[in-house]
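**Student:** sequence first, then the predicted structure:
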Amino acid sequence: MDRVFTLAQARALMPGVLARASELIEVRASLIELQTSLAAGARSPLGGLPEAKGYQARLSELLGWFPAQGVEVKSLAPLLLDFPSEIDGEPVLLCWLEGETELGWYHKLAHGFAGRRRLS
């Protein structure tokens, strides 16, 4: 864990996280739809190979923003992000999952997503 967030720092970053996550979800969906059409040899209103390359580049750019902020990308679909932190002196990961509107969960390092608990 390079950067360790306080809860306040992580929550202050959330407007940027939510904005980029929203765009990432749209780009991801468009890329999948376009790739499926291309693989089937079908036409797509989203374009062709050049547009697919553009979506791939934008997706990569969006994904790169999170680690640059110190946020770990754990999954792309659904988008799952972890913010290294500490609670009561113990290392934890503040956890955000696609569809959530705020940062409200954490889990201990050894417990992973299945051990998510609500932040008090």
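**Tutor:** Nice, I can see it. Numbers count the residues shown, from 1 in each chain.

**Student:** please name every helix or strand in contact with the helix or strand harbouring Ala29.
**Tutor:** Per DSSP states H and E: Ala29 is located in helix 7-40. Under the contact definition 3 or more C-beta pairs under 8 Å, 6 or more residues apart in numbering; DSSP states H and E, helix 7-40 sits against helix 49-69, strand 79-87, strand 90-97. Yep, even glycine has a C-beta here, placed from its N, CA and C like the rest.

**Student:** of these, which is nearest Leu18?
**Tutor:** Leu18 lies closest, by C-beta to C-beta, to one member of these: strand 90-97, at 8.9 Å.

**Student:** tell me the strands beside that closest one, with direction?
**Tutor:** Here strand 90-97 is paired, per DSSP bridges, with strand 79-87 (antiparallel), strand 105-108 (antiparallel).

**Student:** same question for the shortest one, mean pLDDT?
**Tutor:** Looking back up the chat, that one is strand 105-108. When the per-residue pLDDT values of strand 105-108 are averaged, the result is 98.

**Student:** hmm, back to that, closest one to Glu98 among the strands paired with strand 90-97?
**Tutor:** Go through those one by one with C-beta to C-beta and the one that ends up closest to Glu98 is strand 79-87, at 4.0 Å.
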